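**Student:** Next comes the sequence, and after it the predicted model I'd like to discuss.
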Amino acid sequence: MKSLMIQGAKIIATGSAIPSSSFSNHEMSEVVNTSDEWIFTRTGIKERRLLQGNDQSVVDLAVLASKKALNQVAMDPCQIDLIILATSSPHDLFGSASKVQSQIGAFNAVAFDLTAACSGFVLSLVTASQFLQTGVYRNILVVGADALSKWVDWSDRSTCILFGDAAGAAILQSCSFTHNAILSFQLNTDGNYSKYLSMAYEQDISPHPKLNIYQGYFKYISMNGKEVYKFAVFQVPLSILKCLNSLNMSVEEIDWLVLHQANYRILTAIAEKLSISKNKIISNLHKYGNTSAASIPLVLDEAIQNKKISHNDIVAIAGFGAGLTWGTIIVRW
């Protein structure tokens with residue numbers, strides 16, 4: 001049994017993966033009654049990536065993103081102690097993290113799925129940091145991956161225009177507490193509003209012919225866009241401020257806002273509420289749409305590869321979505 005001692009935690013590598021097939025707003029207008037102008041002015045999305053055919057799955061994306069993160073620091077997969085896969089669209093309802101573990105060769109790692117929709121990556125980062133800070137594990141792979149194109153109603157203009165498929169990964173490592181990079185976090189859930197964004201189970205109206213058992217299926221994604229917008233714009237700034245207050249930091253000290261890529265109007269409204277310049281918003285929403293649990297690690301990895309985020313930058317990471325759940329992490333890069 002490893003001794004329990006308070007450690008720090010830091011992100012040492014990132015990686016991401018997207019399907020090869022892009023799907024533009026113009027192509028979307030041939031599927032549902034909409035247009036490029038209608039979609040872009042309301043969401044900021046120009047195109048998204050979709051898993052097409054039978055050859056690829058959300059696991060394939062998760063594996064590729066994970067391998068890229070491992071390669072970034074030349075880490076042997078057997079050094080990974082734990083894998084947390086944040087997804088709401090697993091390839092297997094019993095869980096897909098074990099498949100990622102096997103396919104990347106992380107044979108010493110425990111692996112499990114975490115389901116919290118668009119907040120999943122933030123909750124997974126916080127969960128990972130707790131394991132690291134207690135000294136139980138040293139290296140943890142956190143993956144956000146979703147393929148919600150499989151779960152949208154392609155005749156519903158209010159939802160099908162939003163979602164894309166992707167995966168993003170981050171490797172967290174324990175460190176001395178003086179070098180701790182995960183400075184603070186703040187998490188919330190309000191299940192009273194879960195109906196505003198859901199993929200609900202629908203029970204059959206008749207039982208099994210020989211058993212008194214009602215089976216069923218999962219419905220398509222359902223969303224009340226106006227209520228989700230109001231929730232995000234109200235709660236996310238409060239969450240970020242609570243995190244900053246716990247650190248005695250000011251809004252002015254934030255170098256970058258890395259928010260769940262749901263809708264560009266939401267991103268700018270959150271920045272305005274915080275009186276933060278729009279230039280501090282890091283976004284790739286126009287290229288990929290809403291990729292749920294993958295959106296934050298995907299945009300984070302791109303920003304790092306493009307050398308946008310520098311050493312010692314203060315990054316406010318915030319996720320929000322179904323549950324309804326929301327959360328913030330303040331990171332010193």
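**Tutor:** Thanks, I have the structure now. Numbers count the residues shown, from 1 in each chain.
**Student:** what about His311, neighbour count?
**Tutor:** Applying other C-beta atoms under 10 Å, we find 6 residues neighbouring His311. Quick note: C-beta positions are derived from backbone N, CA and C, even for glycine.
**Student:** Tell me the spacing between the residue sitting nearest the centre point of the chain and Leu244.
**Tutor:** In the chain, the residue lying closest to the centroid (C-alpha atoms, centre = their mean) is Ala293, at 2.3 Å. Applying C-beta to C-beta, to the nearest Å, the value for Ala293 to Leu244 is 24 Å.
**Student:** follow-up on the earlier one: so the residue nearest to the centre of the chain sits against Gly144, correct?
**Tutor:** Yes - with contacts counted by C-beta atoms under 8 Å, Ala293 reaches Gly144, the gap being 3.7 Å.
**Student:** For the closest residue in space to Asn33 that isn't next to it in sequence, which residues are in contact?
**Tutor:** Nearest non-adjacent residue to Asn33, counting by C-beta to C-beta, 6 or more residues apart in numbering: Arg157, 6.4 Å away. Arg157 makes contact with 32-34, according to C-beta atoms under 8 Å, 6 or more residues apart in numbering.
**Student:** Among those, the buried ones, what's the ChimeraX command?
**Tutor:** Buried residues within the contacts of Arg157, by 16 or more other C-beta atoms under 10 Å, are selected in ChimeraX with:
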select :34
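**Student:** which of the contacts of Arg157 lies closest to Lys230?
**Tutor:** Thr34 (23.1 Å; C-beta to C-beta).
**Student:** Look up the pLDDT of the nearest residue to the closest one once chain neighbours are set aside for me, please.
**Tutor:** Nearest residue to Thr34, sequence neighbours excluded (C-beta to C-beta, 6+ apart): Arg157, at 5.4 Å. Looking at Arg157, its pLDDT is 92.
**Student:** ok, now how distant is Arg157 from Phe320?
**Tutor:** Distance of Arg157 to Phe320, computed by C-beta to C-beta: 23 Å.
**Student:** Same check on Ile140?
**Tutor:** With C-beta to C-beta as the criterion, Ile140 and Phe320 are 23 Å apart.
**Student:** what's the longest helix in this protein?
**Tutor:** helix 225-246 (DSSP state H).
**Student:** helices or strands up against that one?
**Tutor:** In terms of contacts (3 or more C-beta pairs under 8 Å, 6 or more residues apart in numbering; DSSP states H and E), helix 225-246 is packed against strand 182-189, helix 264-274, strand 314-321, strand 325-332.
**Student:** Might one say that Ser158 is in contact with Ser222?
**Tutor:** No - contact criterion C-beta under 8 Å: Ser158 and Ser222 do not qualify, at 9.4 Å.
**Student:** Extract the residue ranges of the chain that are flagged as low pLDDT.
**Tutor:** Applying pLDDT under 70 to the chain flags residues 1-5, 178.
**Student:** Per the annotation, how does it divide into domains?
**Tutor:** With domains defined by automatic domain parsing, the chain comprises 8-179, 182-332.
**Student:** Just name the most buried of the ones you listed.
**Tutor:** Counting by mean count of other C-beta atoms under 10 Å, domain 8-179 has the highest mean neighbour count of these, with a mean of 21.
**Student:** Span of that one from start to end?
**Tutor:** Here the two ends of domain 8-179 are set 6 Å apart, with distance taken as C-alpha to C-alpha, to the nearest Å.
**Student:** What of stretch 52-61?
**Tutor:** 13 Å.
**Student:** And stretch 18-38, by the same measure?
**Tutor:** 25 Å.
**Student:** Ok, stretch 186-199 next?
**Tutor:** Its start and end residues considered, stretch 186-199 measures 26 Å (C-alpha to C-alpha).
**Student:** From what I see, Met249 and Ile330 are in contact.
**Tutor:** Yes - applying C-beta under 8 Å as the test, Met249 and Ile330 come out as touching, 7.4 Å apart.
**Student:** list the residues that contact both of the two?
**Tutor:** The overlap between the contact sets of Met249 and Ile330 (C-beta under 8 Å, 6+ apart) consists of Ile314.
**Student:** about what we covered before: show the contacting residues for the residue nearest to the centre of the chain.
**Tutor:** Ala293 makes contacts with 86-88, 116-121, 124, 144-146, as judged by C-beta under 8 Å, 6+ apart.
**Student:** And it, how far from Gln72?
**Tutor:** From Ala293 to Gln72 the distance is 20 Å (C-beta to C-beta).
**Student:** residues touching the nearest residue to Ala128 once chain neighbours are set aside, list them.
**Tutor:** Counting by C-beta to C-beta, 6+ apart, Ala128 lies nearest to Ile140, which is 4.2 Å off, once chain neighbours are set aside. Contacts of Ile140 were listed using C-beta under 8 Å, 6+ apart, and they are 80-84, 128, 131-132, 171-173.
**Student:** Mind checking what secondary structure Ile140 has?
**Tutor:** What DSSP: H, G, I helix; E, B strand; the rest coil gives for Ile140 is strand.
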